[in-house]
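> Here is a sequence with its predicted model. Questions after.
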Amino acid sequence: MSGHVIISHGLNSGPDATKATALAQACDLLGWSCERPDFRDLDAQMPPLGDVDGRIRRLHQIVSDINGPVVLAGSSMGAFISAQVSLQLPVRGLFLMAPPIGLEGYELRLQTTAVPVSIVHGWHDDLIPADEVLLWAKHHQARICMVNDDNRLGAHVDFCAQQFALFLGSLA
């Protein structure tokens with residue numbers, strides 16, 4: 001099975017970020033179509049988190065316009081909004097990199113629908129404590145890979161792409 005992947009970048013990043021690009025290349029190799037929406041206009045609004053609800057609405061609209069299986073992938077804020085949209089629309093799975101369990105000053109916490117979830121998170125993430133993500137993953141029976149990295153997962157870009165490829169393969 002293949003389908004369509006939507007890769008959402010993190011806050012203060014962009015659709016051409018290294019992780020998003022690496023995941024898009026994995027999609028190409030596996031025969032999945034993909035797109036990488038640009039949320040930078042919304043990130044520039046309402047500091048320090050940007051327009052989180054606007055991000056969720058935009059991603060929701062993109063997903064609702066797709067016919068066929070959809071997988072959502074995202075990094076940090078992109079992971080958070082992907083999970084929130086999974087509660088509203090049918091998706092095949094979620095690939096979350098450095099997902100925040102909660103956002104300071106924002107009422108919603110990380111939630112997902114009952115689909116396969118795979119997480120890559122850094123032990124040294126100074127923004128999103130590893131212990132919180134481990135507990136969340138245990139409670140939701142999500143697959144999780146902890147790596148020796150920080151929030152950006154910059155030393156593990158290729159690893160993230162490999163894990164993503166394995167995740168897409170598991171959905172077949």
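Looks like it came in fine.

> SS state for the residue lying closest to Val63 once chain neighbours are set aside?
Leaving aside its chain neighbours, Val63 sits nearest to Leu89 (4.9 Å; criterion: C-beta to C-beta, 6 or more residues apart in numbering). C-beta coordinates here come from the backbone N, C-alpha and C atoms, glycine included. Three-state assignment for Leu89 (DSSP: H, G, I helix; E, B strand; the rest coil): coil.

> For the protein, give me the ranges with low pLDDT.
Applying pLDDT under 70 to the chain flags the ranges 1.

> And the strands in it, which stretches?
Using DSSP state E, the strands found in the chain span residues 4-8, 33-35, 70-75, 93-97, 102-103, 106-109, 117-122, 143-147.

> In this structure Phe80 contacts Gly74, no?
Yes: Phe80 is in contact with Gly74 according to C-beta atoms under 8 Å; the separation is 7.3 Å.

> For the residue nearest the centre of the chain, list the residues it contacts.
Among the residues of the chain, the one closest to the centroid is Gly74, at 2.0 Å (C-alpha atoms, centre = their mean). Residues in contact with Gly74 (C-beta atoms under 8 Å, 6 or more residues apart in numbering) are Ile7, Ser8, His9, Gly10, Phe80, Ile81, Ser82, Phe95, Leu96, Met97, Pro99.

> For the first one, the count of nearby residues, please.
Using other C-beta atoms under 10 Å as the criterion, Ile7 is surrounded by 28 other residues.

> how near is the closest residue to Gln25 other than its chain neighbours to Glu104?
Leaving aside its chain neighbours, Gln25 sits nearest to Ala161 (6.7 Å; criterion: C-beta to C-beta, 6+ apart). Using C-beta to C-beta, to the nearest Å, we find Ala161 at a distance of 30 Å from Glu104.

> and Met77, what does it touch?
Ser8, Gly10, Leu11, Phe39, Asp43, Leu49, Gly50, Val52, Arg55, Pro100, Leu103.

> How about Val115?
Val115 is in contact with Ser86, Val91, Arg92, Gly93, Leu94, counting by C-beta under 8 Å, 6+ apart.

> which ones are touching the closest residue to Ile119 other than its chain neighbours?
Once flanking residues are discounted, Ile119 sits nearest to Ile144: 4.4 Å by C-beta to C-beta, 6+ apart. Applying C-beta under 8 Å, 6+ apart to Ile144 gives the contacts Ser118, Ile119, Val120, His121, Val133, Leu134, Ala137.
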